[in-house]
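Novice: Sequence plus predicted model, see below.
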Protein chains: 2
Amino acid sequence: MQSERIEEYLETILYLINKNKGPAKTKKIADELKVSAPSVTEMVQKLAAEGLVKYTPYYGVELTEAGAIKASKIRRKHQVLEKFLADVLGVNKTDAHKEACELEHAVSDTVLEQVCTFMGHPEICPDGNPIGQGKCCTTVEEQYPVLSEMQEGSCGIVSMIKLPPADKDRLISLGLMVGESLVVKRKQHKGSISVLTRGTEIALGNEIASKIFVKPQRMIRGRVRRRGRH
Amino acid sequence: MQSERIEEYLETILYLINKNKGPAKTKKIADELKVSAPSVTEMVQKLAAEGLVKYTPYYGVELTEAGAIKASKIRRKHQVLEKFLADVLGVNKTDAHKEACELEHAVSDTVLEQVCTFMGHPEICPDGNPIGQGKCCTTVEEQYPVLSEMQEGSCGIVSMIKLPPADKDRLISLGLMVGESLVVKRKQHKGSISVLTRGTEIALGNEIASKIFVKPQRMIRGRVRRRGRH
DNA sequence: ATATATATTTAGGGATGCCTAATTAACGGA
DNA sequence: TCCGTTAATTAGGCATCCCTAAATATATAT
């Protein structure tokens, strides 16, 4: 497994390219990573030798296909972790960003997906940028039914809610959030649906219900096991 | 900030000392860390120079006070993270252990406490060993009231449940778990108490209620904000 | 166009943490 | 006790990633 320094450089290069809409310059990279310019030149030559960047001396650094993929992966890792730290653990934004920088290199791909799934595949990072989609995100979208398509009596666990924050908050205040188990009570006219969550029955219109992805579950003694019980 | 390699060595040395009830031998450390024996000798000399271990050539390595403290901290980090991975994210035990090995060096002290708090200051690691207490754990115990001491009408968030797993599970099935908000409805004779959680009223005996630590909260529009809403 | 400032690269080293090979110390059985 | 085996250490090197100083290329202003 290669150095986490490579990841750091790639991530920075991607960031600078996006920011300046042009090749990443040696000095900018050096400033960003708080290393000297010669260190950057050296590392960039190494990255070029590994086929991760295209390096044109005195011009700047561009990402190759392979480099861009790697960089995007790390960026996604960073964002998912930042979101997790801020939203789940309540770390403040500034710290969350810094901590995510450290963690992004230590978290495996598998665990990252599990973190993402735990949060219901969030779409926006606390820093305001959209979070890149991962395999786990598309799997949910492609393979899990939306609430409005579920049959009466079936049950499952809310896995993703693809709604704007305001709607999400409203659902949360009704007790319907990612990770929560639910049972479909009644399907009504025009796609409306009523579901049971933790003893409360909620009625949802089709526009809402068609944006809630649910992982189907078997019923266990009248109660669906909730994940994350500690 | 010093190398994460030092942390790895210290953790291993602590592990071996506990396991063999004697000084950690060079070869054992080498095997454990999958490095050569000379690498161990070298690093151990460095650790000794920094006052973290007592190193007696041909005899073995012991931890100094400072080294033991550092090692215990890392051990605790590892355990809390392992618990988190296994219980919250659902990573299998073997993987959880491996992943925790990577993460333990990247997670800051602050974030670790927040992870610990999120889980309600667990006492046992999935590996079966007891988890060392941190500052956050003792704070809860010393500063937060237990449920049985709370006044009628007061509310808060369940922060720690100091009960055996079986009792915990029973509470979970009643909807009472760490992170859940509750309102004290009625205090009854002999320390019994009834609480409202998510619309359900639960009655608890004193033995149980006196082991549930609650972080007091102000009521917000009739509903206590739940942490970790994503 | 040219002088000056800035960016970049080359040259030469240093710290860290790992390795193999060779040497030396400790241990256990005949 | 002595010898062979195993463990530990010393010696010498390598890869990674960083640095400063000096040289060179580029950009800017007059």
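Specialist: Yes, it's here.

Novice: Ramachandran coordinates for A:Thr108?
Specialist: Check again: residue A:108 is Ser, not Thr. Main-chain torsions, A:Ser108, degrees, to the nearest 10: phi -70, psi 160.

Novice: The residue of chain A found nearest DNA strand D and B:Leu103: what is the separation?
Specialist: Checking chain A residue by residue against DNA strand D with CB to the nearest atom of the strand singles out A:Ser3 as nearest, at 2.6 Å. (Glycine included, C-beta is placed from N, CA and C.) In this view, A:Ser3 and B:Leu103 are 18 Å apart by CB to CB, to the nearest Å.

Novice: For the most far-flung residue of chain A relative to its centre, give its distance to chain B.
Specialist: Among the residues of chain A, the one whose C-alpha is farthest from the average of all C-alpha positions is A:Tyr58, by CA atoms, centre = their mean at 36.2 Å. Noted for A:Tyr58: a distance of 35 Å to chain B, by CB to the nearest CB, to the nearest Å.

Novice: repeat for A:Glu82
Specialist: When CB to the nearest CB is the yardstick, A:Glu82 and chain B sit 12 Å from each other.

Novice: Now name the helix or strand holding that residue.
Specialist: Mapping A:Glu82 onto the secondary structure by DSSP states H and E places it in helix A:65-83.

Novice: buried ones in that helix?
Specialist: If you call a residue buried by 16 or more other CB atoms under 10 Å in any protein chain shown, then helix A:65-83 has these buried ones: A:67-68, A:70-71, A:73-83.

Novice: and what of stretch A:168-176?
Specialist: Within stretch A:168-176, the residues that qualify as buried by neighbour count (16+ other CB under 10 Å) are A:168, A:171-172, A:175-176.

Novice: from those residues, which ones fall inside helices?
Specialist: Restricting the buried residues of stretch A:168-176 to those inside helices, with DSSP state H as the criterion, leaves A:168, A:171-172.

Novice: between the residues you listed, which is closest to chain B?
Specialist: A:Ile172 (5.0 Å; CB to the nearest CB).

Novice: how near is that closest one to A:Val178?
Specialist: When CB to CB is applied, the distance between A:Ile172 and A:Val178 equals 9 Å.

Novice: related to what we said a few turns ago, now look at the helix holding A:Glu82 and say if it contacts DNA strand D.
Specialist: No. Remark: helix A:65-83 sits outside contact range of DNA strand D, by CB under 7 Å from any atom of the strand, the gap being at least 14.0 Å.

Novice: Using PDB, write out the CA atom coordinates for that helix.
Specialist: Presented in PDB, the C-alpha positions along helix A:65-83 are these (Å, rounded to 0.1, in the frame of the first residue of the first chain):
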ATOM      1  CA  GLU A  65      -7.400   9.700 -15.600                       C
ATOM      2  CA  ALA A  66      -6.000   7.400 -12.900                       C
ATOM      3  CA  GLY A  67      -4.900  10.300 -10.800                       C
ATOM      4  CA  ALA A  68      -8.300  11.900 -11.000                       C
ATOM      5  CA  ILE A  69     -10.100   8.800 -10.000                       C
ATOM      6  CA  LYS A  70      -7.800   8.300  -7.000                       C
ATOM      7  CA  ALA A  71      -8.100  12.000  -6.000                       C
ATOM      8  CA  SER A  72     -11.900  11.900  -6.200                       C
ATOM      9  CA  LYS A  73     -12.000   8.900  -4.000                       C
ATOM     10  CA  ILE A  74     -10.000  10.600  -1.400                       C
ATOM     11  CA  ARG A  75     -12.100  13.800  -1.700                       C
ATOM     12  CA  ARG A  76     -15.200  11.700  -1.200                       C
ATOM     13  CA  LYS A  77     -13.700  10.100   1.800                       C
ATOM     14  CA  HIS A  78     -12.800  13.400   3.300                       C
ATOM     15  CA  GLN A  79     -16.300  14.800   2.700                       C
ATOM     16  CA  VAL A  80     -18.100  11.800   4.100                       C
ATOM     17  CA  LEU A  81     -16.000  11.800   7.200                       C
ATOM     18  CA  GLU A  82     -16.300  15.600   7.600                       C
ATOM     19  CA  LYS A  83     -20.100  15.200   7.400                       C
END
